[in-house]
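K.L.:
build me a model from this:
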Amino acid sequence: MSLKVVILAAGKGTRMKSAMPKVLHRIADKPMVEHVIDAASDLGANGTILVVGHGADQVRDTVTREVDYVEQTEQLGTGHAVQQAVPLLQPDDTVLVAYGDVPLTKTATLQKLVDDVTDTNLALLTVMMDNPHGYGRIVRDRAGQVLGIVEQKDATGEQLKIREVNTGILAAKGAVLGELLDRIDNNNSQNEYYLTDIFSLAVEQGMTVRTHQPDHEWETSGVNSRVQLAELERIFQLSQAEQLMEAGVTLMDPARIDVRGKLTVGQDSIIDINCVFTGEVSIGENVNIGPNCSVTNATIASGTVIKANTVIEDSVVGENCTLGPFARLRPGAELAEDAHIGNFVEIKKSTISKGSKVNHLSYVGDSTVGEKVNIGAGTITCNYDGVNKHQTVIEDGVFIGSCTQLVAPVRVGKNAVVGAGSTITKTVEPNQLAFTRAALKTVDNWPRPVKKPKPE
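P.N.:
From the prediction side, this is the model:
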């Protein structure tokens, strides 16, 4: 079976009050339309066609997925929009029509539609609503067979009582879809070509319309305002939280976690409130993450403790490490097992080996740090000369005293000791003690300054 997915993404979204096309507004830090494209990919689609209109160039520039584009230059209705994609469809294709502003439909829900399509059968996603105002109603005969869809503005009083509504998401064979679209007209209150009109036409030709409903109503919810965007964001995040908890993760408050990418977490890990995970993040078992942490594109091995307000970006953390509070791992940081990175410590593009500690108020950049190294408070690797970055190498067993500057390029040999307050500009050999310190000067009976009274 060849599956093509047509995604309608031409609308302006006036109620969003934005210069940006509606489908580019983000859920979980990803444009809504890319959620739909990813669902199409998960279905195994052979091609995805994006029907663009308002802000077409901006959509093309923003979307990172591989899709084909067709442009709806005039906004003449959903039927007209799908017609723009017909030249890219083959008669034998199974065609799924979806919407770029309906981002949370599950792949399993869409699969049911795709599986139900034949040469004589269309599939439609419907949903039951307590308040169906504004939606097209599903009209059935006494045997329960779909006769067609009537839009709100064209419905009779009796039809308005129907609770089953059209979501707009449908599937059909390419040949069937193209033939039915050629027959629709704009003889309605909106003077638009309704995609929904194909169903009554199909029934008239002896075809059947099979319907499916999603597990959750929110799978079919569209976004027309920033309020609705925020509502779907929370729904999406709660769904992610539930998946984590079902996998054996403890969340201190499922309402206060944000997953903005792909997050995998091992069993018995604990995540405190207000943590944000962005990009590809992998967390092992028995990891404890404190509140207000931000983790982006990182791997964190089992047994590690990440204390409050720690930021990790594009880094690798080994087993049984301790980070924070208020630590920062910048891109390229790699911690081996049992490394300790303490409060107000920043690590950038550096390797910290097994059992080493950088516990207080220090910066380590462009460095290789050996095993069982202790770097004292206030230590800085001076890696940038204003033009180029230079390397610092600290070998196994080194002790670096507090308030030390290591001016790269520089090497400190195995088991060496650097005294507090030193500025190291040359190689320190293994087992050496190195320090630079000005002589202490004192003045007896020094008259301390006295604050002058303010003039009246």
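K.L.:
residue contacts, Gly370?
P.N.:
Residues near Gly370 by C-beta atoms under 8 Å, 6 or more residues apart in numbering: 353, 356, 394-398, 414. Placement of C-beta: from N, CA and C, glycine included.
K.L.:
phi and psi next, for it.
P.N.:
Here is the backbone geometry of Gly370 (degrees, to the nearest 10): phi -70, psi -170.
K.L.:
ok, the nearest residue to it once chain neighbours are set aside - how many residues close by?
P.N.:
Once flanking residues are discounted, Gly370 sits nearest to Asp396: 3.8 Å by C-beta to C-beta, 6 or more residues apart in numbering. Residues near Asp396, counting by other C-beta atoms under 10 Å, number 17.
K.L.:
would you mind measuring from Asp396 to Val369?
P.N.:
From Asp396 across to Val369, the span is 9 Å (C-beta to C-beta, to the nearest Å).
K.L.:
go on, Gln84?
P.N.:
Counting by C-beta to C-beta, the gap from Gln84 to Val369 is 59 Å.
K.L.:
so the two - more neighbours on which side?
P.N.:
More neighbours surround Val369 than the other of Gln84 and Val369, with 27 against 20 (other C-beta under 10 Å).
K.L.:
is it true that that one touches Thr379?
P.N.:
No. Counting by C-beta atoms under 8 Å, Val369 stays clear of Thr379, with 10.9 Å between them.
K.L.:
shared neighbours of these two, which are they?
P.N.:
Common neighbours of Val369 and Thr379 (criterion: C-beta under 8 Å, 6+ apart): Val358.
K.L.:
returning to that earlier point: pick out whichever of the contacts of Gly370 sits closest to Val443.
P.N.:
Val443 lies nearest to Val398 out of the contacts of Gly370, by C-beta to C-beta, at 36.7 Å.
K.L.:
report the contact partners of that closest one.
P.N.:
370, 373-374, 412-418.
K.L.:
phi first, then psi, for it.
P.N.:
Geometry field for Val398 lists phi and psi as phi -80, psi 140, criterion degrees, to the nearest 10.
K.L.:
and Val227, helix, strand or coil?
P.N.:
Secondary structure state of Val227, per DSSP: H, G, I helix; E, B strand; the rest coil, is helix.
K.L.:
that one and Thr304, how far apart?
P.N.:
39 Å.
K.L.:
more neighbours, the two?
P.N.:
Higher neighbour count among Val227 and Thr304: Thr304, with 24 against 9, using other C-beta under 10 Å.
K.L.:
follow-up on the earlier one: list only buried entries from the contacts of Val398.
P.N.:
With burial judged by 16 or more other C-beta atoms under 10 Å, the buried subset of those is 370, 373-374, 412-413, 416-418.
K.L.:
on that earlier part again, what do Asp396 and Val369 both touch?
P.N.:
In terms of C-beta under 8 Å, 6+ apart, Asp396 and Val369 are both contacted by the residues Ser353.
K.L.:
tell me which residue is most central in this protein.
P.N.:
By C-alpha atoms, centre = their mean, the chain has its centre lying nearest to Arg260, at 2.6 Å.
K.L.:
look up how far Phe277 lies from Met245.
P.N.:
15 Å.
K.L.:
swap that for Thr62, sorry
P.N.:
With distances taken as C-beta to C-beta, Thr62 is found 22 Å from Phe277.
K.L.:
among those two, which residue is more densely surrounded?
P.N.:
Using other C-beta under 10 Å, the more surrounded residue of Thr62 and Phe277 is Phe277, with 28 against 15.
K.L.:
which residue is the nearest non-sequential neighbour of Ile138?
P.N.:
Distances taken as C-beta to C-beta, 6+ apart place Glu164 nearest to Ile138, at 4.3 Å, with adjacent residues excluded.
K.L.:
beta partners of that neighbour?
P.N.:
Met128 (DSSP bridges).
K.L.:
could we number from 493 for the rest of this?
P.N.:
Sure thing, new numbering starts at 493, so read that last one as Glu656.
K.L.:
OK, contacts around it?
P.N.:
Residues near Glu656 by C-beta under 8 Å, 6+ apart: 618-621, 624, 629-630, 632.
K.L.:
go again using 6 Å as the cut-off
P.N.:
Glu656 makes contacts with 618, 620, 630, as judged by C-beta atoms under 6 Å, 6 or more residues apart in numbering.
K.L.:
again, but for Asn613
P.N.:
Contacts of Asn613 (C-beta under 6 Å, 6+ apart): Thr700.
K.L.:
mind listing what the strand or helix carrying Val497 pairs with, with the direction of each?
P.N.:
Assigned by DSSP states H and E, Val497 falls within strand 495-501. Partners of strand 495-501 in the sheet, by DSSP bridges, are strand 539-544 (parallel), strand 586-591 (parallel).
K.L.:
and the last one, how far from the chain's centre?
P.N.:
What that stands for is strand 586-591. 24 Å (C-alpha atoms, centre = their mean, to the nearest Å).
K.L.:
mind exporting that strand as CSV, just the C-alpha atoms?
P.N.:
Extracted in CSV, the C-alpha atoms of strand 586-591 (Å, rounded to 0.1, in the frame of the first residue of the first chain):
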residue,chain,number,x,y,z
THR,A,586,-4.4,5.6,0.1
VAL,A,587,-4.7,9.3,1.0
LEU,A,588,-5.0,10.6,4.6
VAL,A,589,-6.2,14.2,5.0
ALA,A,590,-5.1,15.9,8.2
TYR,A,591,-4.7,19.5,9.5
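K.L.:
what comes into contact with stretch 731-750?
P.N.:
Outside stretch 731-750, the residues within contact range by C-beta under 6 Å, 6+ apart are 729, 751, 757, 759, 761-768.
K.L.:
quick check: buried residues in it?
P.N.:
Across stretch 731-750, burial judged by 16+ other C-beta under 10 Å covers 732-733, 736, 741, 743, 748-750.
K.L.:
do stretch 691-708 as well
P.N.:
If you call a residue buried by 16+ other C-beta under 10 Å, then stretch 691-708 has these buried ones: 691-695, 699, 701-706.
K.L.:
CA atoms of it as PDB?
P.N.:
Taking C-alpha atoms only, stretch 691-708 is exported to PDB below (Å, rounded to 0.1, in the frame of the first residue of the first chain):
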ATOM      1  CA  PHE A 691     -19.300  12.100   1.800                       C
ATOM      2  CA  SER A 692     -22.900  12.600   0.600                       C
ATOM      3  CA  LEU A 693     -21.700  12.300  -3.000                       C
ATOM      4  CA  ALA A 694     -19.900   9.100  -2.100                       C
ATOM      5  CA  VAL A 695     -23.100   7.700  -0.500                       C
ATOM      6  CA  GLU A 696     -25.100   8.600  -3.600                       C
ATOM      7  CA  GLN A 697     -22.600   6.500  -5.600                       C
ATOM      8  CA  GLY A 698     -23.200   3.500  -3.400                       C
ATOM      9  CA  MET A 699     -20.000   3.900  -1.400                       C
ATOM     10  CA  THR A 700     -19.900   3.500   2.400                       C
ATOM     11  CA  VAL A 701     -18.400   5.800   5.000                       C
ATOM     12  CA  ARG A 702     -16.800   4.000   8.000                       C
ATOM     13  CA  THR A 703     -16.200   6.100  11.100                       C
ATOM     14  CA  HIS A 704     -13.800   5.900  14.000                       C
ATOM     15  CA  GLN A 705     -13.500   7.900  17.200                       C
ATOM     16  CA  PRO A 706     -10.300   8.800  19.100                       C
ATOM     17  CA  ASP A 707      -9.600   7.600  22.600                       C
ATOM     18  CA  HIS A 708      -9.500  11.300  23.700                       C
END
